[in-house]
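1. Next comes the sequence, and after it the predicted model I'd like to discuss.
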There are 2 protein chains.
Amino acid sequence: MHNVSQNTDNDILSTGAKDYYPSLSVDNVIFGYHEKELKVLLNKWQIFEKWMLPGGFIKKTETLEQAAMRVVINRTSLKNLYLRQFKIFSNPNRNAEGNFNAESIAKKFGVEVEPDHWMFKNVITVGFFALTEYSRVIPRGDLFSEDVKWWDIKSLPELMLDHNKIVNDALNALKLFIHHHPIGYELLPEKFTLPEIHSLYETILERKIDSRNFSKKLINLGLIIKLDEQKKIGAHRSPFLYIFNKKRYDQIIEDNEIIVI
Amino acid sequence: MHNVSQNTDNDILSTGAKDYYPSLSVDNVIFGYHEKELKVLLNKWQIFEKWMLPGGFIKKTETLEQAAMRVVINRTSLKNLYLRQFKIFSNPNRNAEGNFNAESIAKKFGVEVEPDHWMFKNVITVGFFALTEYSRVIPRGDLFSEDVKWWDIKSLPELMLDHNKIVNDALNALKLFIHHHPIGYELLPEKFTLPEIHSLYETILERKIDSRNFSKKLINLGLIIKLDEQKKIGAHRSPFLYIFNKKRYDQIIEDNEIIVI
DNA sequence: GCAATAGTGTCTGTAAGACAGTATATT
DNA sequence: AATATACTGTCTTACAGACACTATTGC
């Protein structure tokens, strides 16, 4: 039998259940960016056939943001992620699928759970998205997970429940968000090249962006600072490295400036 | 004793409690616009001293949007409101106030309620905002309400719990929203004048907007159509009436166009 | 005539958007 | 030399933003 307290998420099954809000969960769409592909971090649980978003339940002593952060930390070992709630999914039929029930839990883990635990009924979930740099994530499973993996958002498998829709809505939210909030600070390494950030924007917005106008824009905004340092990338001209002007970056957010890219 | 089933909201107290999601509510910030003031529709309950947002609980058979709509219909008699969730309020201390408990309910209504009903514990609430034309609302109380009234957002009283914060956040959400979604269709009468819509934008954005540039912008966007009809408003030059070009209006929303006013 | 409000045209400056050739590094 | 990628300048057009006088109506 597993030790059900090895992970902070797991007391939901038994003694700690009353410490959680019933019928409510968070699901995180964790975006990463790698080799011109926008990635999403997914979980594969032992007892399910399908992959799913890393999600969890909410303790009555924490906010939703804290709950989402706790779940993210458990899956990625990353702290200080930028997390943002973007939508709540409350369709009463959204739980109408899957073999997530007391029997399968008991069979797999030898843990007793009330068959009519609210966890197996209608659950409303709050969608969060997070941005993080791909290479900093060390995917880490928990009691329920046998696998955690980055997936290209362009070729996701069929996910549990309505998780494909949640990912889709998160991407749409990100596309709006990008006009109010410079991105890249969370998704790129500290030092990055113009082609890298250019390609990041093209990937998220799913359209071609003229590279001349793009760099002009970022520089005019005062958002990026050119370093006297180049990146060696093999048999080509070496691109210069840039860093974000964090002060200006935060000011844009603070002042609700609209960013037209 | 009151008849507790006179209103669809009230079965939460007794027999129907199990049909609701526990620990979760919706609160609606219903914006109206009248005489150059942005208004918010508030409730005054019999058993509380403070005014509050019209809110309610969510049935397991409905979505949050449907629940919010049901509550709005109960308070305003209006259907087909534009409703949008904008944020979830989940601070564990948000319920730390008020005399909303089983005793006060029992004393006032003679209704038996479990003293440890989840309703009296931590409740997370989903904030919605709605836009509606002031004059179309017929404020209507329910079992708990003794008063429903429009308040100028500039001079709100101290509200229950964190409702002042919810209103404040709703206004901020509206100010962002206005750049992605033309407003006015819901807040103005079908036929309106340029000074009216101009003043609406000034009120919401809380800043002066040059009237020449403003009308130029709306006309260039193709958003409004001038009618061959004037509004008689007394001892002044009569302003022309306009209607929205609904097709263009919806296209702007569909295409995620950014509206810079 | 007076008071109050409606309505509108022009100019300037900025920046979005379109466009392609040169420079650099490696093999 | 060939190849792959980095880098950048100019022009046009659109429009945001500043600015103030005339028109209409009722009294």
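-> Structure received.
2. hang on, A:Thr63 packs against B:Asn91?
-> Yes - using CB atoms under 8 Å, A:Thr63 is in contact with B:Asn91, at 5.7 Å. Where C-beta positions appear, they are placed from N, C-alpha and C, glycine not excepted.
3. Convert the helix or strand bottoming out on mean pLDDT in chain A to PDB, retaining C-alpha atoms only.
-> Lowest on mean pLDDT, DSSP states H and E among the helices and strands of chain A sits helix A:102-109, with a mean of 73. Extracted in PDB, the C-alpha atoms of helix A:102-109 (Å, rounded to 0.1, in the frame of the first residue of the first chain):
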ATOM      1  CA  ALA A 102     -14.100   4.800  -5.200                       C
ATOM      2  CA  GLU A 103     -13.600   1.300  -6.500                       C
ATOM      3  CA  SER A 104     -10.800   2.000  -8.900                       C
ATOM      4  CA  ILE A 105      -9.000   4.100  -6.300                       C
ATOM      5  CA  ALA A 106      -9.400   1.300  -3.700                       C
ATOM      6  CA  LYS A 107      -8.300  -1.400  -6.100                       C
ATOM      7  CA  LYS A 108      -5.200   0.500  -7.200                       C
ATOM      8  CA  PHE A 109      -4.100   2.000  -3.900                       C
END
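4. pull the longest helix from chain A.
-> helix A:163-177 (DSSP state H).
5. And chain B, is that one touching that?
-> Yes - between helix A:163-177 and chain B, judged by CB under 8 Å from any CB of the partner chain, the touching residues are A:Lys175, A:Leu176.
6. I'd say A:Gly32 and A:Leu78 touch.
-> No - with contact defined as CB under 8 Å, A:Gly32 does not reach A:Leu78; the gap is 10.4 Å.
7. of the two, who's got more company?
-> A:Gly32 (23 against 17; other CB atoms under 10 Å in any protein chain shown).
8. Give me the pLDDT for that one.
-> Here the pLDDT value assigned to A:Gly32 is 91.
9. cool, and A:His180?
-> Listed pLDDT for A:His180 reads 85.
10. Now for the spatially closest residue to A:Ile261 that is not a sequence neighbour: which residues touch it?
-> Take A:Ile261 and drop its neighbours on the chain: the residue closest to it by CB to CB, 6 or more residues apart in numbering or on different chains is A:Tyr201, 6.0 Å away. Applying CB atoms under 8 Å, 6 or more residues apart in numbering or on different chains to A:Tyr201 gives the contacts A:Ile178, A:Ile209, A:Phe214, A:Ile261.
11. Following element in sequence after the host helix or strand of A:Tyr201, please.
-> Using DSSP states H and E, A:Tyr201 sits within helix A:194-205. Going down the chain from helix A:194-205, the next helix or strand is helix A:211-221, by DSSP H and E.
12. Quick check on the contacts of A:Tyr201: which are buried?
-> By neighbour count, with 16 or more other CB atoms under 10 Å in any protein chain shown, these hold A:Ile178, A:Phe214, A:Ile261 as buried.
13. Dump these to TSV, plus distance to A:Asn95.
-> Formatted as TSV, the buried ones among the contacts of A:Tyr201 follow (distance: CB to CB, whole Å):
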residue	distance to A:Asn95
A:Ile178	32
A:Phe214	43
A:Ile261	38
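14. ok, A:Ile261 touching A:Ile209?
-> Yes - between A:Ile261 and A:Ile209 a contact is recorded at 6.6 Å, counting by CB under 8 Å.
15. Can you give me the pLDDT of the closest residue to DNA strand C within the stretch 101-250 of chain A?
-> Per CB to the nearest atom of the strand, A:Arg237 is where the stretch 101-250 of chain A lies closest to DNA strand C, at 3.1 Å. On pLDDT, A:Arg237 comes in at 91.
16. ok, now the one 4 residues further on?
-> Per-residue confidence for A:Leu241 comes out at a pLDDT of 96.
17. by contact count, what packs against the helix or strand just after the least confident helix or strand of chain A?
-> Moving toward the C-terminus from helix A:102-109, the next helix or strand (DSSP H and E) is strand A:124-131. Applying 3 or more CB pairs under 8 Å, 6 or more residues apart in numbering or on different chains; DSSP states H and E, we find strand A:124-131 packed against strand A:20-34, helix A:64-76, strand A:82-89, helix A:163-177.
18. most tightly surrounded among those?
-> Comparing those by mean neighbour count (mean count of other CB atoms under 10 Å in any protein chain shown), strand A:20-34 ranks first with a mean of 23.
19. The following helix or strand past that strand packs against which elements?
-> Helices and strands here follow DSSP H and E; after strand A:20-34, the next one along the chain is strand A:37-45. Secondary-structure packing of strand A:37-45 (3+ CB pairs under 8 Å, 6+ apart): strand A:20-34, strand A:51-52, helix A:64-76, strand A:145-152, helix A:194-205.
20. do that again at 6 Å, thanks
-> On a contact count with 3 or more CB pairs under 6 Å, 6 or more residues apart in numbering or on different chains; DSSP states H and E, strand A:37-45 meets strand A:51-52, strand A:145-152.
21. The next helix or strand after the shortest one near chain B anywhere?
-> Which is strand A:51-52. Once the chain leaves strand A:51-52, the next helix or strand it forms, by DSSP H and E, is strand A:55-59. No - Strand A:55-59 stays clear of chain B (CB under 6 Å from any CB of the partner chain), getting no nearer than 7.3 Å.
22. if we can go back for a sec, separation between the residue nearest to A:Ile261 and A:Val26?
-> Plainly put, A:Tyr201 is 28 Å away from A:Val26 if you go by CB to CB, to the nearest Å.
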